[in-house]
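# What follows is a predicted structure for the sequence shown.
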Amino acid sequence: MTGTTLLRLGTEPGPVLHLLPLGACVHRLEVTGGDGRRRDVVLGHDTVEERLAGGEFHGAVVGRYANRIAHGDLPLPGGAVSLPTNDRGHHLHGGPDGFHRRQWEVEHHDERSARLALTSPDGDQGYPGTLRATASYRVDDDRVEVELTATTDATTVVGLTQHSYFNLAGVGTRTVDDHRLTVHAERWTPVDATGIPLGEHAAVDGTPFDLRGGPLLGPVLRTHHPQLLDARGIDHNYVLDGDGGDAVREVAVLDHPASRTRMTLLTDRAGLQVYTGNFLDGSTVGHGGVPHRQGDGIALEPQSFPDSPHHPEWPSVVLEPGRTWRSRLVWHFSALG
């Protein structure tokens, strides 16, 4: 990419990760498929201008709060705060000038790891408190590990995530319809037509949101279901099995049978937003000048539950001074048998 520093991590034949300080983002991720071919498996842009013009958060660390907060209304112990809205009347992924548009400071970089940092001042996008965030990446053998942290000097909410779109066939080749997706979750979160949770988590049984058996994505996305029709595909939170404690556990598996390539996702988060690129409409250009179109990639975003500030019955997303918020994820690549 022209106009900014590019950080390279890893060596062939293992994953090779290319990072940008802009958005602390994954610019490219090259892996060896089970068929022996090298492919770039994340969507991105070739120039800074294209990245800033797009609104898809390709590869970026998003924050302060991933997913939506209804109407930009943020209730806090000290009183409600108003946040700017940027998605159908709601606050999405930290707002119109969120962390995905910021230049992060490179604190460390060697051949296998990098740590980037960002200071978000009090009142940034409406959020109280000065927040110090870090994004650490490490490539080891067939794994890419990501750790996100945050500290604050005043009560606020935090929920960073990594927002890469994956296509194991290689970017610019085809949609993810021929991928199989397994998500270890018995419940999912129904939403209204603007993406805001309706209130209760629901059982996946008997719905197209049951991904426990690793179905082919194409038929799932073409199932006649009102939630799929409203979102133009899957754009929903899954309540992950396991306690979401300090240790990472396997939560999802993305398979591409044609290239015999598998990506296993591990995380310590309680939720996972599955987004099948429903609103990629060709208006932005990816690597090599290829437009990003609907279904060209799938984002698997470990997270707290969407709109959690309005649901005190769900795990709290409030961060107090003196505490460190931390989230970990692993992308593990392997060959299908």
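Received, thanks. None of these values were measured; they are calculated from a predicted model. Residues are numbered from 1 along each chain as shown.
# quick one: stretch 324-335 to chain centroid distance?
11 Å (CA atoms, centre = their mean, to the nearest Å).
# scratch that, stretch 83-100
Distance, centroid of stretch 83-100 to centroid of chain: 15 Å (CA atoms, centre = their mean).
# Begin at 239, not 1, for the rest of this chat.
Right, with 239 as the first residue, what we last looked at is stretch 321-338.
# And it, what's buried?
Using 16 or more other CB atoms under 10 Å as the test for burial, stretch 321-338 gives 321, 323-325, 328-333, 336-338. All C-beta spots, glycine's among them, are computed from the backbone N, C-alpha and C.
# what is the rounded mean pLDDT of that stretch?
Mean pLDDT, stretch 321-338: 97.
# can you list contacts of that stretch?
261-263, 295, 298-312, 356, 358, 363-365, 371, 398, 401, 432-434 (CB atoms under 8 Å, 6 or more residues apart in numbering).
# Any regions of the chain where pLDDT drops low?
Across the chain, the ranges flagged by pLDDT under 70 are 239-241.
# now the helices for it?
Here the chain has its helices, by DSSP state H, at 286-291, 455-459, 464-469.
# Out of those helices, which is closest to E349?
helix 286-291 (24.8 Å; CB to CB).
# for the closest one, packing partners?
Helix 286-291 is packed against strand 519-523, with contacts defined by 3 or more CB pairs under 8 Å, 6 or more residues apart in numbering; DSSP states H and E.
# Show residues contacting the strand it packs on.
For strand 519-523, contacts defined as CB under 8 Å, 6+ apart pick out H283, D284, E288, A291, G292, G293, E294, P529, H530, R531, Q532.
# How about the fifth one, nearest residue that isn't a chain neighbour?
With CB to CB, 6 or more residues apart in numbering as the measure, T522 is the residue that lies nearest to G292, at 4.1 Å, once sequence neighbours are left out.
# what about the nearest residue to T445 once chain neighbours are set aside, distance to G444?
Ranked by CB to CB, 6+ apart and with sequence neighbours excluded, the top spatial neighbour of T445 is H463, at 6.8 Å. According to CB to CB, to the nearest Å, H463 stands 11 Å off from G444.
# still on that earlier bit, for the contacts of strand 519-523, which single residue is the most surrounded?
Within these, most neighbours by other CB atoms under 10 Å means H530, with 26 neighbours.
# Tell me how many other residues crowd the residue nearest to that one when sequence neighbours are not counted.
Nearest in space to H530, with sequence neighbours left out and distances taken as CB to CB, 6+ apart, is L518 at 4.4 Å. L518 has 22 neighbouring residues, counting by other CB under 10 Å.
# How about the contacts made by L518?
Counting by CB under 8 Å, 6+ apart, L518 touches E294, H530, R531, Q532, G533, D534, G535.
# nearest spatial neighbour of the fourth one, skipping sequence neighbours?
Spatial nearest neighbour of Q532, chain neighbours left out: L518 (5.3 Å); criterion: CB to CB, 6+ apart.
# same deal with the fifth one?
Using CB to CB, 6+ apart and skipping the chain neighbours, the partner closest in space to G533 is T413 (3.7 Å).
# what's near enough to touch R460?
Going by CB under 8 Å, 6+ apart, R460 touches no other residue.
# How much space separates it from V377?
36 Å.
# Could you do A490 as well?
Taking CB to CB, one finds A490 at 20 Å from V377.
# what about the closest residue to V395 other than its chain neighbours, neighbour count?
Residue nearest to V395 in three dimensions, not counting chain neighbours: V555, with 4.7 Å by CB to CB, 6+ apart. V555 is surrounded by 21 other residues when neighbours are defined as other CB under 10 Å.
# swap in L281?
When neighbours are counted by other CB under 10 Å, L281 comes out with 28.
# follow-up on the earlier one: any chance of the contacts of L518 in CSV with distance to H570 as columns?
Below are the contacts of L518 laid out as CSV (distance: CB to CB, whole Å):
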residue, distance to H570
E294, 25
H530, 26
R531, 28
Q532, 28
G533, 24
D534, 23
G535, 19
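# Name the nearest of these relative to I472.
G533 (10.5 Å).
# got the contact list for that closest one?
If you count contacts by CB under 8 Å, 6+ apart, G533 has them with T413, V414, D415, L459, G471, T514, G515, N516, L518.
# Any figure for the gap between it and V489?
On the measure of CB to CB, G533 and V489 end up 22 Å apart.
# ok, now Y403?
18 Å.
# hmm, back to that, could you identify the most distant pair in the contacts of strand 519-523?
D284 and Q532 (20.8 Å).
# In the contacts of L518, find the pair that's most separated.
E294 and G533 (12.9 Å).
# List the buried residues in stretch 349-357.
Using 16+ other CB under 10 Å as the test for burial, stretch 349-357 gives S351, A352, R353, L354, A355, L356.
# With just CA atoms, put stretch 346-360 into CSV.
Extracted in CSV, the C-alpha atoms of stretch 346-360 (Å, rounded to 0.1, in the frame of the first residue of the first chain):
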residue,chain,number,x,y,z
HIS,A,346,7.3,-2.8,18.6
HIS,A,347,7.9,-4.8,15.5
ASP,A,348,10.1,-7.8,14.7
GLU,A,349,9.9,-10.7,12.2
ARG,A,350,7.1,-12.4,14.1
SER,A,351,5.3,-9.8,16.2
ALA,A,352,4.1,-6.3,16.4
ARG,A,353,2.4,-4.1,19.0
LEU,A,354,0.5,-0.9,18.1
ALA,A,355,-1.0,1.6,20.5
LEU,A,356,-3.6,4.4,20.3
THR,A,357,-4.6,7.1,22.8
SER,A,358,-8.2,8.1,22.5
PRO,A,359,-8.9,11.4,24.4
ASP,A,360,-11.8,12.1,26.8
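# I appreciate the help and will end here.
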